[in-house]
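1. Take this sequence and fold it.
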Amino acid sequence: MKAVSVVTIRKELKHKSNEELAELCLRLSRFKKENKELLTYLLFEADSEAGYIETVKEEIDEQFEAINTNSYFYIKKSVRKILRTTKKYIRYSLNKETEIELLLYFCKKLKTMSPSIKRNTTLFNIYDRTIEAVRKKIVKLHEDLQYDYTIILEDIEAL
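-> Here you go, the predicted model:
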């Protein structure tokens, strides 16, 4: 079966009643964990972006604490997984400030973790690429926000 375009789906959804739409959403949530997480964000957390950011930060903290630091191999795998999860939560929000704030928090946690990422090229490259991505995103924001986030970025780099 080939999936139809989003435009076609949007047109078809306009012809459905509220009950049918609710049933479709519930059915969709049964198939993938990501669908359920997105619905949870849209229904319960989209109203309070600051609360959502704090929730994600707490999860990032928990994941960093659970890293097996016996070898850099396990650290790299865990850090990649944390970054992947963080980006997934960023996709749910679609808010540029949320994206920058979560990526900056990830970089801060990565930079301050022990053992140091400076001893491993791969980990330092992950950090460096994330910092560059944040810089590119900061440029697209309003001037006041650019200033605020640039100061935070410089503080993280100075750690």
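2. Only C-alpha atoms from now on, for both contacts and neighbour counts.
-> Fine.
3. distance of Lys118 from Tyr72?
-> 11 Å (Cα to Cα, to the nearest Å).
4. Looking at those two, which is more packed in?
-> Tyr72 (16 against 12; other Cα atoms under 10 Å).
5. who are the neighbours in contact with that one?
-> Applying Cα atoms under 8 Å, 6 or more residues apart in numbering to Tyr72 gives the contacts Asn120.
6. Make 280 the starting number, not 1.
-> Okay, using 280 as the starting number, the last item reads as Tyr351.
7. buried set for the longest helix seen in the chain?
-> The longest helix of the chain (DSSP state H) is helix 351-372. Within helix 351-372, the residues that count as buried by 16 or more other Cα atoms under 10 Å are 351, 354-355, 357-358, 361-362, 364-365, 368-369, 371-372.
8. The helix or strand just after it vs helix 351-372, what angle?
-> If you walk from helix 351-372 toward the C-terminus, the next helix or strand you reach (DSSP states H and E) is helix 375-391. Using axes from the mean of the first three to the mean of the last three Cα atoms, to 10 degrees, the interaxial angle of helix 375-391 with respect to helix 351-372 works out to 170 degrees.
9. Could you pull out the buried residues of helix 375-391?
-> Applying 16+ other Cα under 10 Å to helix 375-391 flags 376-390 as buried.
10. So which of those residues is the closest to Ile417?
-> Distance from Ile417 was checked for each of the buried residues of helix 375-391 by Cα to Cα. The minimum falls on Ile379, at 7.3 Å.
11. Contacts only, for the closest one.
-> With contacts defined as Cα under 8 Å, 6+ apart, the neighbours of Ile379 are 413, 416-417, 428.
12. Which ones among those lie within strands?
-> Using DSSP state E, no member of these falls in strands.
13. Ile417 reaches Thr429, doesn't it?
-> Yes: with contacts counted by Cα atoms under 8 Å, Ile417 reaches Thr429, the gap being 7.5 Å.
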